[in-house]
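1. Any chance you can model this:
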Amino acid sequence: MNENSTARESLPRSGNPWLFVPSLFFLEGIPYFIVSTVSVTMFKRMGISNAEIGLWTSLITWPWIIKMLWGPLVESTSTKRKWILGTQILAAIVMLCVSMTITVENFLTPTLIALTILAFLSATHDIAADGFYILALSQEDQAYFVGIRSTAYRMANVFCNGGLIYLAGTFEAAPNAVIPIAWRNVLIIAAFVYLIFMTLGNLAMPRPRQDADKSETFPFAAAFSEYFSQAKLPIILGFILFYRFGESMVSKMSNPFLIDTIEKGGMGLTTSEVGFVTGVVGVVALTLGGIIGGMVISKFGIKRSLWPMVLAMNVPNLLYIWAATVQPEKIWVTIIVGCDQFGYGFGFAAYMVYLMFITQDSKYPTAHYAISTGLMAFGAMGAGITSGYVQQYTGYAGFFMATLVCAAPGVLLLPFLPLEKEDLHIAPVDID
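-> Predicted structure coming up:
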């Protein structure tokens, strides 16, 4: 342990983590889920085609792909506490802007612009929040509260994909309801909930002495050079880009599939039913899958866990093929979404640990992990853009078959992955 780390741990803690950690990471999740998933259901209910939904709701996630590029600015300018507060205030304002843009006649372009700004603010908030977590907590508390911050982030998922979507469905079902007005009201509620937690969280946030202006610069060129000079780079990049390609396609089109009528090949669920199935059942299953996946890797290591976890992520897509073909009773939809999300959480655990696995022996492990997660997000964005066009061309049954084909490259690369480094027996950082 170096002197700086020892000095930091010896400092008295100036805030109670129970008061600010849950609110901080609950607030971290809300903009992310509004941009990446709630927007899908909102645009579907407002009559946007699946191809456009897949394209635009994927493109607006680009700030999370390239956030590593302005990370040094957050590290070296002002304090992380000020970055957090500033991005939170602006995020609440932009949410209110989105609530207004969706009610105008040509709503798509201004709404997408506002959501892109929200994504940029959210990605910047992520950088500051993760850094503040390290500065404000001792190493012991960091380890203790990692589960708390993950749970708070999951609750943001439930709030957005369960609560907000369910509430939008309730507003839509009211007499003389207008769909844009229903979604406007939901986003206003989301903004005010965000403001309440922001106020409470910032009152509780400490002011660590280490959270001060810095002048050092990060050797980005050296970090990128080292990353892109590692052995078997094409195989590693192919695996990162394609491991979750098929599942990312499913994630983008699953809600439109659930909402579309039986005549259009969908399952005919109401907006509220979609909110419950995906935002409650799906999130619980995803969380359980991630927890069990982490336990499996902790016991058997990443090398022995890769194959079963890759299969767990992709095999549940067969259930969607069956559902799109047979169009069963709605109870089966809940079971299918639960199985899919459990498999996704279970399989994604291996993916995240493998990204940590390849950072071993690096001079810049944090930067390498950030580059890998950026590439991961880039692959998911490509899958999302592709998904809507494939679905419109093939129908839902053909689309879910195509997801298995698109998942094949990631599976076929498994035997060629470089696995010479020391095995890892650790749980993943998080499951998105």
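2. now stretch 292-301: mean pLDDT?
-> Mean pLDDT, computed over stretch 292-301, is 90.
3. Tell me, what's the model's pLDDT at the residue lying closest to residue 293 once chain neighbours are set aside?
-> In this structure, residue 293 finds its nearest non-sequential neighbour in residue 349, 2.9 Å apart by CB to CB, 6 or more residues apart in numbering. The way it works is simple: take the backbone N, C-alpha and C, and place the C-beta from them, glycine included. Confidence at residue 349, expressed as pLDDT, is 89.
4. check contacts around residue 349.
-> 289-290, 293-294, 296-297, 309, 427-428, 431 (CB atoms under 8 Å, 6 or more residues apart in numbering).
5. the domain parsing of this protein - what is it?
-> With domains defined by automatic domain parsing, the chain comprises 14-207, 219-432.
6. May I ask which of the contacts of residue 349 has the most neighbours?
-> For those, counting by other CB atoms under 10 Å, the largest number of neighbours falls to residue 293: 30 neighbours.
7. Now do it against residue 314, distance only.
-> Using CB to CB, to the nearest Å, residue 293 is found at 14 Å from residue 314.
8. repeat for residue 263
-> Per CB to CB, residue 263 is found 29 Å from residue 314.
9. and if you look at residue 396?
-> Distance check for residue 396 against residue 314: by CB to CB, it reads 17 Å.
10. Regarding residue 78, what is its secondary structure?
-> Following DSSP: H, G, I helix; E, B strand; the rest coil, residue 78 is assigned to coil.
11. neighbour-wise, which of residue 263 and residue 314 wins?
-> Comparing residue 263 with residue 314 by neighbour count (other CB under 10 Å), the higher total belongs to residue 314, at 24 against 7.
12. quick one: the more buried one from residue 384, how far?
-> Counting by CB to CB - residue 314 and residue 384 are separated by 17 Å.
13. With residue 45 instead?
-> Using CB to CB, residue 45 is found at 18 Å from residue 384.
14. With residue 422 instead?
-> From residue 422 to residue 384 the distance is 35 Å (CB to CB).
15. These two: who's more crowded?
-> Shown here are residue 422 and residue 384; by other CB under 10 Å, residue 384 has more neighbours (25 against 10).
16. which residue packs closest to that one, ignoring adjacent ones?
-> In space, and not counting its chain neighbours, residue 384 is closest to residue 58: 3.1 Å by CB to CB, 6+ apart.
17. For whatever helix or strand residue 356 lives in, what is the distance to the chain centroid?
-> Using DSSP states H and E, residue 356 sits in helix 330-357. Distance, stretch centre to chain centre, for helix 330-357: 13 Å (CA atoms, centre = their mean, to the nearest Å).
18. Show me what the very next helix or strand once past that helix is packed up against.
-> Next helix or strand after helix 330-357 toward the C-terminus (DSSP H and E): helix 365-412. When contacts are defined as 3 or more CB pairs under 8 Å, 6 or more residues apart in numbering; DSSP states H and E, helix 365-412 packs onto helix 50-59, helix 62-66, helix 220-227, helix 233-242, helix 245-259, helix 302-314, helix 317-326, helix 330-357.
19. So which of those helices is the most surrounded?
-> Greatest average neighbour count among those goes to helix 245-259 (a mean of 25), per mean count of other CB atoms under 10 Å.
20. what's the angle between it and helix 50-59?
-> 130 degrees (axes from the mean of the first three to the mean of the last three CA atoms, to 10 degrees).
21. low-scoring stretches of this structure, by residue?
-> By pLDDT under 70, the low-scoring segments of the chain are 1-15, 211-218, 429-432.
22. the helices in the stretch 1-150 of the chain, which residues?
-> Secondary structure of the stretch 1-150 of the chain (DSSP state H, counting those that start in this stretch): helices at 3-10, 17-33, 39-45, 50-59, 62-66, 71-76, 80-101, 108-136, 139-157.
23. Right, I'll call it a day here.
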